[in-house]
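Participant: Could you work out the structure for the sequence below:
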Amino acid sequence: MDRIIAACGNNCAACPRYVAHPYEKTEEELHQTAELWMKIGYRDHIVTDEEISCTGCKPENWCRYHVVKCCEEKGIQTCSDCVEYPCDNMKQCFEVTKSFEPKCREVCTDEEYRRLKEAFFEKEINLSKGKRF
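Facilitator: Here you go, the predicted structure:
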């Protein structure tokens, strides 16, 4: 599987929400993802397939950390391209992301955890591979 590294370091290609070609998901896969998101605490209820699916980050999409918007304003692709990396905003992003890992280990199957780890919990590693400074 190819890697698609988002501005924040997530690997979209491994993300169970990512539905851009060639990573389309069936209705069943999206429903299972919505159930998983509730189980691990990302959502407080099972959301629709439309709400759980993602075609990638855009500046107008909601993001707690405004990462894509920040990168766009600075004319860079990912946070690792920034001379301020890692800024306080990204440090907080990494910390919050890591806070979900114990719950994932507890409630996920080995395969679910592996996929979430690859998609989200390795964002610092993904960004360090792209660091150019």
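Participant: What strand or helix carries the spatially closest residue to residue 57 that is not a sequence neighbour?
Facilitator: Of all residues not flanking residue 57 in the chain, residue 68 sits nearest, at 4.4 Å (C-beta to C-beta, 6 or more residues apart in numbering). No exception for glycine: its C-beta is placed from N, CA and C like everyone else's. Using DSSP states H and E, residue 68 maps to helix 67-74.
Participant: and if you look at residue 89?
Facilitator: Here residue 89 is assigned to helix 88-99, by DSSP H and E.
Participant: hmm, who's touching that helix?
Facilitator: Helix 88-99 has contacts (C-beta atoms under 8 Å, 6 or more residues apart in numbering) with 8, 64-67, 70, 79, 86, 120-121, 123-124.
Participant: how about JSON lines for those residues, with secondary structure added?
Facilitator: Shown next, in JSON lines, are the contacts of helix 88-99 (DSSP: H, G, I helix; E, B strand; the rest coil):
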{"residue": "8", "secondary structure": "coil"}
{"residue": "64", "secondary structure": "coil"}
{"residue": "65", "secondary structure": "coil"}
{"residue": "66", "secondary structure": "coil"}
{"residue": "67", "secondary structure": "helix"}
{"residue": "70", "secondary structure": "helix"}
{"residue": "79", "secondary structure": "helix"}
{"residue": "86", "secondary structure": "coil"}
{"residue": "120", "secondary structure": "helix"}
{"residue": "121", "secondary structure": "helix"}
{"residue": "123", "secondary structure": "helix"}
{"residue": "124", "secondary structure": "helix"}
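Participant: Tell me the most packed of those residues, by neighbour count.
Facilitator: Ranked by neighbour count (other C-beta atoms under 10 Å), the contacts of helix 88-99 have residue 79 at the top, with 27 neighbours.
Participant: From residue 37, how far out is that one?
Facilitator: According to C-beta to C-beta, to the nearest Å, residue 79 and residue 37 sit 24 Å apart.
Participant: where does residue 5 fall, phi/psi-wise?
Facilitator: phi -90, psi 120 (degrees, to the nearest 10).
Participant: I'd assumed residue 15 was in contact with it.
Facilitator: No. The criterion here is C-beta atoms under 8 Å, and residue 5 misses it with residue 15 at 11.2 Å.
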